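K.L.:
Here you go, sequence then predicted model.
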Amino acid sequence: MISSKIENIIAKFLTNQASASELGVLEVWIEEANNLELFNRYVKINYAIEYNMREFDSNKVKNKLLEAFARENKVRKLKKLRKTIYYSAAAVVLGIVTTAFLYNSGLFDKPVAPVAIVKNTIEAGTDKAILTLEDGTAVVLEKDKTYQKNNVVSNGKELVYDDQSKTKSGIAYNYLTIPRGGQFQIKLSDGTKVWLNSESKLKFPVAFKEGSTRQVELIYGEAFFDVSPSSEHNGAKFKVLNKSQQVEVLGTEFNIKAYEDEDKIYTTLVEGKVAVSNSNSKKQLIPNQQSIINLKGGDIVVNPIDAYNEVLWTKGIFSFKGKKLKEIMNVMARWYDFQVVFQNPELEKVKFNGVLSKNDNIKEILSIIKKTNFINEYEIKDQKIIIK
């Protein structure tokens, strides 16, 4: 049970009125066993009550919470607390805002038609990957299944390499491939953590060469990196290569999205500092900036962005802000492992805002989108979804 004192501080925190000392109290409290769950329940109950008692803009409720955690006031006290609660609160609000998937489009309203569902065999993705060892052996990693060999161990969700592993001679490489409908985490031998999204592939050394730049390659797909600082490795820099760009870091958190079926590469900086370069130019990013490289040619473009919103996928959340339906369905297709077909090409351009759980049933998501009346009908046939 939450004390009245903590309730009062939580209320102040959500409205950005808490003092530095109150944030300190909340930070200590939230780290105690079971208190994060109590926080979740408190927010969910209070906002659910508000939802049931009167009409309100649930998207504003979501934004009120998320923006409260993203504000930079009282930075030193708030920074750590924000990272702890931000993703948790976003997940709590899902139950409230999932039914309020908003739209913004110039298309005219269309009459609602029955939904044709032949057979729904489409399920949400899960933890799974294929580890390819230096000798070419392929090891299937699956949720709740353990694996251990020499200096590497997996619990079915994360692959961990011995942090004492170093080499003074040749480097042996492993590959981690995430299929459609999968996700996985890896902790490299230097302590760097990497979250890999569906349909991604990472090449990395079993052990980094002592005294040399630490280097990995995102062959394709999307990955979030939490890099072990160079100060812990005798100043050794960290680089992430891709066929169309290079990212150089000293110690930071960033996201790279480089899918083979997309014509752009996106690098988003959460914390620290990175330098992104290609054959045409080189740009440095600061937190809440995103670089975009058009694979058809051109310089690197840098735009401001809400970085935390871009990496919510690592916390089991899809967050779409002004995204076209085609982009949204492509993201869904990778996670749920299906093909999508648009019978009306104009529907690909409809823009939506929404926050969804990666555990949601695909039929529920399609039903939410359909309630906007911009989609007449959708049909599910085995692993194919037809938007009409």
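P.N.:
Thanks, I have the structure now. Numbering: from 1, shown residues only.
K.L.:
what's the domain layout of this structure?
P.N.:
As assigned by automatic domain parsing, the chain contains the domains 4-100, 103-122+322-387, 126-305.
K.L.:
how near is Phe224 to Lys388?
P.N.:
Relative to Lys388, Phe224 is positioned 35 Å away (criterion: C-beta to C-beta, to the nearest Å). C-beta coordinates here come from the backbone N, C-alpha and C atoms, glycine included.
K.L.:
do Lys187 as well
P.N.:
Taking C-beta to C-beta as the criterion, Lys187 is separated from Lys388 by 45 Å.
K.L.:
next one: Val340
P.N.:
12 Å.
K.L.:
who has more neighbours, those two?
P.N.:
For the pair Val340 and Lys388, the greater number of neighbours falls to Val340 (18 against 15), based on other C-beta atoms under 10 Å.
K.L.:
element containing the more buried one?
P.N.:
Assigned by DSSP states H and E, Val340 belongs to strand 339-342.
K.L.:
Repeat that for Asp135.
P.N.:
Secondary structure from DSSP H and E places Asp135 outside every helix and strand.
K.L.:
Dihedrals phi and psi, it?
P.N.:
Taking degrees, to the nearest 10, you get phi -90, psi 0 for the backbone angles of Asp135.
K.L.:
and if you look at the one 10 residues further on?
P.N.:
Phi and psi for Lys145, reported as degrees, to the nearest 10, are phi -120, psi 130.
K.L.:
List the residues that contact it.
P.N.:
Gly156 (C-beta atoms under 8 Å, 6 or more residues apart in numbering).
K.L.:
measure it to Thr126 for me?
P.N.:
Counting by C-beta to C-beta, the gap between Lys145 and Thr126 amounts to 11 Å.
K.L.:
hang on, the earlier thing: tell me which residues in the strand holding Val340 are buried?
P.N.:
Within strand 339-342, the residues that count as buried by 16 or more other C-beta atoms under 10 Å are Val340, Phe342.
K.L.:
Give the partner strands of that strand in its sheet and their orientations.
P.N.:
strand 384-387 (parallel) (DSSP bridges).
K.L.:
Now the partner strand: buried residues?
P.N.:
Going by neighbour count (16+ other C-beta under 10 Å), the buried part of strand 384-387 is Ile385, Ile387.
K.L.:
Identify the residues contacting it?
P.N.:
For strand 384-387, the surrounding residues in contact (C-beta under 8 Å, 6+ apart) are 122, 325, 329, 333, 338-344, 347, 362, 366, 375, 378-380.
K.L.:
quick one: low-confidence ranges for this structure?
P.N.:
Under the criterion of pLDDT under 70, the regions of the chain flagged as low confidence span 14-17, 40-120, 164-170.
K.L.:
strands paired with the strand of greatest length in it, and their directions?
P.N.:
Secondary structure of the chain per DSSP state E: the longest strand is strand 214-226. Note on strand 214-226: by DSSP bridges, its sheet partners are strand 193-196 (antiparallel), strand 200-205 (antiparallel), strand 238-242 (parallel), strand 253-258 (antiparallel).
K.L.:
Please enumerate residues in contact with the shortest one?
P.N.:
Contacts with strand 193-196, where a contact means C-beta under 8 Å, 6+ apart, come from 129, 176, 178, 183-188, 202, 216, 221-226, 314.
K.L.:
likewise the last one?
P.N.:
Defining contact as C-beta under 8 Å, 6+ apart, one finds that strand 253-258 is touched by 218, 220-227, 240, 242, 244-245, 247, 265-272, 274, 285, 307, 310-311.
K.L.:
So what's the residue count around Ile375?
P.N.:
One way to gauge burial is a neighbour count; for Ile375, by other C-beta under 10 Å, it gives 22.
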